[in-house]
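Participant: got a predicted structure plus its sequence, pasted below:
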Number of protein chains: 2
Amino acid sequence: MDFSFISKTELFIGLTAVETEHVLSCSQAKIKNYQKGEYIYHSGNKIDTICIVLLGGVHIVYNDAWGNENILNRVTRGQMFAENNACSDEILFTNAVAAETSTILFLYTEKLLYPCHAICAYHSKVIRNMFLSLGTENIKLKRKISHTTSRSLRQRIISFLSFQATEQKSFCFKINFNRQQLADYLCVDRSAMSNELSKMKKDGLINYEKNVFWIKDLKVKYGV
Amino acid sequence: MDFSFISKTELFIGLTAVETEHVLSCSQAKIKNYQKGEYIYHSGNKIDTICIVLLGGVHIVYNDAWGNENILNRVTRGQMFAENNACSDEILFTNAVAAETSTILFLYTEKLLYPCHAICAYHSKVIRNMFLSLGTENIKLKRKISHTTSRSLRQRIISFLSFQATEQKSFCFKINFNRQQLADYLCVDRSAMSNELSKMKKDGLINYEKNVFWIKDLKVKYGV
DNA sequence: ACCTTTTTGTTGTCAAAACAACATTATTAT
DNA sequence: ATAATAATGTTGTTTTGACAACAAAAAGGT
């Protein structure tokens, strides 16, 4: 393992190669190789490791429930990914796919971020709480951004509903927003949104009754 | 200080009142009282403390460069605020104002989140890096959301330019996006944005030349 | 200097979505 | 049960901003 290189990445800045090696060994870091196209993680799952690209490149890919694909980001050598999910208990809403033959370093949050010698157990718990808080909030913010970047009202709704389906692991699910709250969340007008929902129902894309929604028309592939 | 209460807040979950007291004393936590309307922090500054509301309530307020005010959030008893800025080196883009007579607990990030006994100094550095990373990302995400929640193109531009002015502490500043990048960031069409910029120039709100912008006409309110 | 490519600005058209106003259906209280 | 209130759906009008197509200016290369 190239500790010198790793010690220059964002997470290990300030540590020497030797110190980095020490941390990695006591954190049970793991390395794995991926062929182009192989999945590193899948949307809908939870993870407990931070990932760093040692070789190659990774695409962070978003797939909605109707199968539309969108590459959100390309992560290259030295860059970290999945760190927010690794710090929270939220499910992933993207897939990570090797864009080419790649080597990925996996670091267990549990080992890496919570001091190994529990000298100051109180602090350790506070640190844990804080990471959980920041990580979780980050995920929620990213999710909101991903649901509101589309310029079209229908796409925003699709994005939101797709996530609900993923989260609840079912194409039939209940949402916790009322219409006004959902409109606010998606940054759109309530009546326009209601109208668009009607149209989507007419078009056979979805069905709903009150706050229960069904995603239909799934001839199109879903989530791989 | 009501350690029992504090031990039930997000940051101290899992700690007993006694453990919480221990952490707070070794973290040099400070308490301060505020009258209604007093500022707890100001937009444009940096902070090194996490804040928790012990009594009263706090408004997180956003002011754009033209003076329009917008209450983004109300933080009540037991809730934490400013934690992301405290974990990053980014400037605040909101003000925190006491909504009523309030008591605020200030916790130094430095003392609180980096273990007091430097038994495992390597880990300590990694933790620091990780907090910096998560906190900074958080701020950037929030900033983007705040610039894109407005439904109007002009308001989005105003929001973005206002922040630039705050960040660069000047009503004349250079932006690091080209037009296409800015449009992507604000989730709008480039040509529509260019057009709106022209109109804003005609309306005397701003002036610009290439990537240098001036905010003008600071008396006029907009978009009320 | 010249040509090529990229970036930015301008204009007109059109569709999408905001907005307004009201109808209908739930929900809650009395 | 009935009235009152809130939430949701529907329709028509108006406005905004996306989109397309092109012009002008700037940047980069030879």
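Facilitator: Now that the structure is in, tell me what you want to look at. Residues are numbered from 1 along each chain as shown, chains lettered A, B, ... in the order given.
Participant: and residue A:140, how many neighbours?
Facilitator: If you count neighbours by other CB atoms under 10 Å in any protein chain shown, residue A:140 ends up with 14. Any C-beta I mention is one placed from the backbone N, CA and C, and that applies to glycine too.
Participant: which element, helix or strand, includes it?
Facilitator: Taking DSSP states H and E as the definition, one finds residue A:140 inside helix A:121-148.
Participant: next, the buried residues of the helix or strand of chain A with the lowest mean pLDDT.
Facilitator: Least confident helix or strand, chain A: helix A:121-148 with a mean of 79, by mean pLDDT, DSSP states H and E. Going by neighbour count (16 or more other CB atoms under 10 Å in any protein chain shown), the buried part of helix A:121-148 is A:122-139, A:141-148.
Participant: which elements pack onto it?
Facilitator: In this structure, helix A:121-148 makes packing contacts with helix A:83-86, helix A:109-113, helix A:153-168, helix A:179-186, helix B:17-26, helix B:83-86, helix B:109-113, helix B:121-148, judged by 3 or more CB pairs under 8 Å, 6 or more residues apart in numbering or on different chains; DSSP states H and E.
Participant: and the ones you listed: which comes nearest residue A:99?
Facilitator: Nearest of these to residue A:99, taken as CB to CB: helix A:83-86 at 19.0 Å.
Participant: give me the most central residue, chain A.
Facilitator: residue A:92 (3.6 Å; CA atoms, centre = their mean).
Participant: contacts only, for the nearest residue to residue A:30 once chain neighbours are set aside.
Facilitator: Residue nearest to residue A:30 in three dimensions, not counting chain neighbours: residue A:106, with 4.6 Å by CB to CB, 6 or more residues apart in numbering or on different chains. Neighbouring residues of residue A:106 by CB atoms under 8 Å, 6 or more residues apart in numbering or on different chains: A:29-32, A:49-51.
Participant: turn the helices and strands packed on helix A:121-148 into a markdown table, including distance to DNA strand C.
Facilitator: Below are the helices and strands packed on helix A:121-148 laid out as a markdown table (distance: least, CB to the nearest atom of the strand, whole Å):
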| stretch | distance to DNA strand C |
| --- | --- |
| helix A:83-86 | 28 |
| helix A:109-113 | 39 |
| helix A:153-168 | 4 |
| helix A:179-186 | 8 |
| helix B:17-26 | 36 |
| helix B:83-86 | 28 |
| helix B:109-113 | 38 |
| helix B:121-148 | 12 |
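Participant: with distance to residue A:98 added, can I get these in CSV?
Facilitator: Below are the helices and strands packed on helix A:121-148 laid out as CSV (distance: least, CB to CB, whole Å):
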stretch, distance to residue A:98
helix A:83-86, 18
helix A:109-113, 22
helix A:153-168, 21
helix A:179-186, 33
helix B:17-26, 43
helix B:83-86, 32
helix B:109-113, 34
helix B:121-148, 23
